[in-house]
Every structure is written in structure tokens, then in C-alpha cells.
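Engineer: I would like the atomic coordinates for the input below:
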Amino acid sequence: MSAQDRQAVTQLIETYVEGLYFADSLILTSVFHEDLLYVNASQGAFVAHKLEPYLAEIDQRTSPFERGEKRQFKIEKIEFANDRMAIVWVSIRMMGRNYQDLLTVIATDRGWRIISKVFTYAELEK
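Structural biologist: Below is the predicted model of the structure:
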């Protein structure tokens with residue numbers, strides 16, 4: 001894919017992490033497609049939501065910023081299927097957990113948007 005597409009997807013993911021870090025549903029609304037599918041695939045914790053219930057959860061959360069946590073994330077991989085779709089693997093450390101997010105992003109008339117978020121996590125050792 002073009003360097004422009006890769007940069008746009010990278011910026012999308014950085015904005016996504018910012019939204020999580022500040023628990024800001026307005027920021028997250030700007031990166032998610034309105035038909036988002038959210039899936040928690042952690043062992044014993046399977047949950048699937050659409051966009052609105054997920055944003056409601058975000059609004060109830062004490063943000064990592066408010067907890068005094070540092071923002072820690074790494075874009076592990078961006079793989080383009082074509083010029084309209086990519087899979088992004090992101091590692092995020094926050095709220096006492098290591099998260100592994102697999103994000104499907106698609107090109108829309110409003111730019112790149114996250115259409116699915118499937119993730120798992122492991123508790124950090126204390």
C-alpha cells in the first residue's frame with residue numbers, strides 16, 4: 001500500500017490509543033466505524049458489543065491518565081489486504097493489564113475507520 005495509507009492508518013491507531021488513554025468516547029467515535037463490532041476474547045470473558053454499548057462502558061471508566069499511568073503501546077504490525085482494508089495488531093499496557101488488540105480497519109468516505117476490535121488481555125504480575 002501507499003506510504004500515505006500506512007501513515008493514515010498509523011495516525012488512526014495513535015488516535016485510538018489516545019481515546020483509550022483518556023477514556024474519551026468522543027475521540028473514539030472519531031476512529032470507529034458506526035457499525036463497529038467489539039469482541040473481548042479473553043478466557044472466560046467473551047463479550048460482544050456494538051459501538052454504543054462500548055462507548056457507554058468507556059464513559060464509566062476511570063482513565064489510565066486519571067490513574068497516573070504512562071501511555072504504553074506498540075503497533076506490532078499493520079498488514080494491508082488491499083487498498084481498502086488492513087489488519088492492525090496493537091499491544092497496550094494499561095489498567096493493570098497487557099492488552100492485545102486485533103483491529104480491522106477499512107477505508108471509508110471519511111477516511112480509515114476501525115470496523116472491528118477483537119482483543120484479549122493478561123493481568124500484569126504485581
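
Engineer: What's the separation between Val17 and Lys74?
Structural biologist: 10 Å (Cβ to Cβ, to the nearest Å). Just so you know, the C-beta spots here come from the backbone N, C-alpha and C atoms, and that holds for glycine as well.

Engineer: quick one: common contacting residues for the two?
Structural biologist: Among the neighbours of Val17, those also in contact with Lys74 (Cβ atoms under 8 Å, 6 or more residues apart in numbering) are Val90.

Engineer: For the helix or strand that contains Val9, name the packing helices and strands.
Structural biologist: For Val9, the element it lies in under DSSP states H and E is helix 3-21. Helices and strands touching helix 3-21, by 3 or more Cβ pairs under 8 Å, 6 or more residues apart in numbering; DSSP states H and E, are helix 25-31, strand 72-82, strand 85-94, strand 97-108, strand 111-123.

Engineer: strands paired with the last one, and their directions?
Structural biologist: What it means is strand 111-123. strand 32-40 (parallel), strand 97-108 (antiparallel) (DSSP bridges).

Engineer: would you turn the ones you listed into CSV with mean pLDDT?
Structural biologist: Listed next are the strands paired with strand 111-123 as CSV, based on pLDDT from 0 to 100:
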stretch, mean pLDDT
strand 32-40, 96
strand 97-108, 97
